[in-house]
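*Asks:* Prediction below, plus the sequence it came from.
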Amino acid sequence: MEISWYGHSCFRITERGMATVVTDPYDHAAAGYSALKLKADIVTVSHDAPGHSFLKGVKGNDWTLDGPGEYEIGGVFITGVATSGNKDQPPNMVFVMDYDSVTVAHLGDLRDVPSRAQVEALGTVNVALIPVGGGNGLNAAKAAEVIAMIEPGIVVPMHFKTKDSKPKLSSANRFLQEMGLPTTEKPQDSLKVTATSVPSETRVVVLEVRS
């Protein structure tokens, strides 16, 4: 499996012979990054906002997932878990994608630490794509707390300040400090994961924005 980041909360997840997923496609006018020109079989939407639900930025998608439930599409098992939506918080969907026993959880615009029941509903998470820059998502301290609850093998920060981002967010450095990691770690172009490559102890992988 390969995971590529296109800025903000948008990732493309691919695996040979299986459906391709794009998460939270953005309108570049809202996010500040280059206009998306992606193709995918499935698009997941954490909530209805220009920075997270711009479906026109993705071509070829036959499926748009924006609510809770269990789905099997193109060999990928996907579970949608609602983490908010009460009168005090806007709705947010977390999607867990199971690619042949490698699970990736996209936490959307999660803004508070979830309940134990919500964490249990996610099941085992190998890779967590987590907001860390504040704004309408988790800040660095809360993100570190969520990681301690989920205990994934790999953590990929998203929704943080970069040279191109438009929303008012903090950089990923604060999150790395909360996790006790150096702030000079060189970002990777993409993340390749197999069932045997998931580390037993959590590590953080910062990705470069793909253009």
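*Replies:* Happy to help now that I have it. Residues are numbered from 1 along each chain as shown.

*Asks:* And the longest helix along the chain, what does it pack against?
*Replies:* Ranked by number of residues, the top helix in the chain under DSSP state H is helix 140-150. In terms of contacts (3 or more CB pairs under 8 Å, 6 or more residues apart in numbering; DSSP states H and E), helix 140-150 is packed against helix 116-122, strand 127-131, helix 173-178. C-beta here means a position set from N, CA and C on the backbone, and glycine is covered the same way.

*Asks:* Show me how far it is from its chain's centre.
*Replies:* Remark: helix 140-150 is offset 14 Å from the chain centroid, using CA atoms, centre = their mean, to the nearest Å.

*Asks:* Now do that helix and strand 127-131, the angle between them.
*Replies:* Here helix 140-150 runs at an angle of 160 degrees relative to strand 127-131 (axes from the mean of the first three to the mean of the last three CA atoms, to 10 degrees).

*Asks:* List the buried residues in helix 140-150.
*Replies:* Neighbour-count burial for helix 140-150, counted by 16 or more other CB atoms under 10 Å, picks out 140, 142-144, 146-147, 150.

*Asks:* tell me the two of those that are most distant?
*Replies:* Ala140 and Ile150 (15.8 Å; CB to CB).

*Asks:* one step back: I'd like to know which of the buried residues of helix 140-150 is nearest to Tyr6.
*Replies:* Closest to Tyr6, out of all of the buried residues of helix 140-150 and judged by CB to CB, is Ala143, at 20.0 Å.

*Asks:* Cool, thanks, signing off.
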